[in-house]
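*Asks:* this one's structure only:
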């Protein structure tokens, strides 16, 4: 998808897509205000047709899908037998086909796994990325395009984060949740519509933002993502992902026993935190950088961003027992950087999670 939009003036690209169009901070502002669209070259589209598609996906994943109505948005996780996250997908059904929007690196592995799990059911999963692309932005911004509607229902996925879905559970204690400020949706568009949008942007008739802008708003909203936060140890509880991707009272699925045990009887071994980084020296870590407390490594950075209001911020996964008031230090190529943590998943998450909600003070400085 990057190829077409990569020809627009100012575009800077890599293998994921267009990183920015020359003004990353300005693009964040226009994106947040609903004035720009993002070509999501790092997302792919899978389609699952067949009469049994919803009950089949329900039986395989963490989400209750048998009653998913056309046009309704949700998300799912595929877990291994030990409850660890293997795949993640945004989910939309149009009455005839279930559409999965997935991170690019997960598209082929997820499709391969789904194909193996068909058995004799009436389902037909396929990669539809050659036919369709994905555009992101606020719902107001998406009004500037024509989503695909092969069955008459426009294919627009509206991010449910951070609302707590049916059967879900919230661990984050902050009120208000920072994700409440983020209006985010993703539209599946035909390749012809993608070409039309590219031409409009090249003529200056359509404002675009890059992946860097979209990711900065995601990080500020504490929104986990498969491509960034998930590793081979990841449990959904560690990222507060029970909110939107797990139905705790649905029927059996692989990994359900671990999900229930951790939630009802134990605690997740790690927890996601938000970091405000010391930006005085303009030193930023990279994903995978070590996070230390008191000289001991306690975790790893998963996502990093320069936010247009909050400055340098990050998400990190740390040991559950890391003190919530501990000052943290993050490694960078140019030396350590101090970081202040804000609790997303509290150490008490799980069996004894009865801590009252905490009024959240904005980290955002006055606009410059």
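*Replies:* Great, that's in hand. Since this is a predicted model, take the numbers as computed values, not measurements.

*Asks:* Name the residues of stretch 235-249 that are buried.
*Replies:* 235-248 (16 or more other CB atoms under 10 Å). Quick note: C-beta positions are derived from backbone N, CA and C, even for glycine.

*Asks:* Specify the residue positioned farthest from the middle of this structure.
*Replies:* Distance from the centre of the chain peaks at residue 120, with 32.5 Å (CA atoms, centre = their mean).

*Asks:* Compute the distance between it and residue 235, please.
*Replies:* 32 Å (CB to CB, to the nearest Å).

*Asks:* can you give me the strands for the stretch 51-200 of the chain?
*Replies:* Secondary structure of the stretch 51-200 of the chain (DSSP state E, counting those that start in this stretch): strands at 73-79, 85-93, 97-103, 124-127, 132-137, 156-158, 174-175, 185-190.

*Asks:* Show me the contact partners of the fourth one.
*Replies:* Under the contact criterion CB atoms under 8 Å, 6 or more residues apart in numbering, strand 124-127 has outside partners 44-50, 107-108, 111, 114-115, 118.

*Asks:* Any of those buried? List them.
*Replies:* Here, 16+ other CB under 10 Å leaves 44-48, 50, 107, 111, 114 buried among these.

*Asks:* could I get those as JSON lines with distance to residue 66 and pLDDT?
*Replies:* Putting the buried ones among the contacts of strand 124-127 into JSON lines (distance: CB to CB, whole Å; pLDDT from 0 to 100) gives the following:
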{"residue": "44", "distance to residue 66": "25", "pLDDT": "98"}
{"residue": "45", "distance to residue 66": "22", "pLDDT": "98"}
{"residue": "46", "distance to residue 66": "19", "pLDDT": "98"}
{"residue": "47", "distance to residue 66": "19", "pLDDT": "98"}
{"residue": "48", "distance to residue 66": "14", "pLDDT": "98"}
{"residue": "50", "distance to residue 66": "14", "pLDDT": "98"}
{"residue": "107", "distance to residue 66": "24", "pLDDT": "98"}
{"residue": "111", "distance to residue 66": "22", "pLDDT": "98"}
{"residue": "114", "distance to residue 66": "17", "pLDDT": "98"}
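
*Asks:* Throw these into a markdown table and include distance to residue 158, thanks.
*Replies:* Listed next are the buried ones among the contacts of strand 124-127 as a markdown table, based on distance: CB to CB, whole Å:
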| residue | distance to residue 158 |
| --- | --- |
| 44 | 19 |
| 45 | 16 |
| 46 | 18 |
| 47 | 19 |
| 48 | 19 |
| 50 | 25 |
| 107 | 21 |
| 111 | 24 |
| 114 | 24 |
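
*Asks:* nearest to residue 178, of those?
*Replies:* Residue 178 lies nearest to residue 44 out of the buried ones among the contacts of strand 124-127, by CB to CB, at 27.7 Å.

*Asks:* what's near enough to touch that closest one?
*Replies:* 101-104, 107, 127, 129, 134.

*Asks:* Kindly check the end-to-end length of stretch 231-238 for me.
*Replies:* 11 Å (CA to CA, to the nearest Å).

*Asks:* Report the rounded mean pLDDT for that stretch.
*Replies:* Mean pLDDT, stretch 231-238: 98.

*Asks:* do the same with stretch 347-364
*Replies:* On average, stretch 347-364 scores 60.

*Asks:* Kindly report the same for stretch 10-27.
*Replies:* 96.

*Asks:* List the buried residues for that stretch?
*Replies:* Buried residues in stretch 10-27 (16+ other CB under 10 Å): 11, 13, 16-21, 24, 26-27.

*Asks:* list the contacts for the residue most central in space within the chain?
*Replies:* Nearest residue to the geometric centre of the chain (CA atoms, centre = their mean): residue 225, 3.4 Å. Counting by CB under 8 Å, 6+ apart, residue 225 touches 88, 103, 218, 303.

*Asks:* how close does it get to residue 256?
*Replies:* Counting by CB to CB - residue 225 and residue 256 are separated by 23 Å.
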